[in-house]
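S.K.: curious how this folds, go ahead:
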Amino acid sequence: MPALWIAHVTVTDEDAYAKYATLAGPAIAAHGGRFLARGARFVQLEGKERPRNVVARFASLEEAVACYNSAAYQDALSHAKNASERELLVVEIED
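M.R.: Numbering: from 1, shown residues only. Prediction:
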């Protein structure tokens, strides 16, 4: 089953987060991930609002998790950890 990687982000250090974004895109693409939304308009209906929301589609939940655990993504993530507050989840979708 395909899966969506959904991130809700508040950037606290623009320069460091820009390094993350530069490295994260290729790491996600290397695992077959394709962005569906990145920083687009949104309406927060419930819960904590984060100004940046990202959705990427993967072939499977396992591929999305493998991407997250990959050396390339972990390198990218090292730039985001102290540069943002974020939640990230992966959810299977019916196709």
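
S.K.: going forward, measure contacts between C-alpha atoms and count neighbours the same way
M.R.: Noted.

S.K.: now Glu62: how far from Arg50?
M.R.: Shown here: Glu62 relative to Arg50, a distance of 26 Å by Cα to Cα, to the nearest Å.

S.K.: need the next SSE after the helix ranked longest in the chain, C-terminal direction.
M.R.: Determined from DSSP state H, the single longest helix within the chain is helix 14-30. Next helix or strand after helix 14-30 toward the C-terminus (DSSP states H and E): strand 34-38.

S.K.: neighbouring strands - and their directions - for that following strand?
M.R.: Strand 34-38 has its sheet partners listed here by DSSP bridges as strand 52-58 (antiparallel).

S.K.: quick one, the partner strand and helix 14-30 angle?
M.R.: Angle of strand 52-58 versus helix 14-30, following axes from the mean of the first three to the mean of the last three Cα atoms, to 10 degrees, is 10 degrees.

S.K.: average pLDDT across strand 52-58?
M.R.: For strand 52-58, mean pLDDT rounds to 97.

S.K.: that one: what's the following helix or strand?
M.R.: As assigned by DSSP H and E, the chain's next helix or strand after strand 52-58 is helix 61-69.
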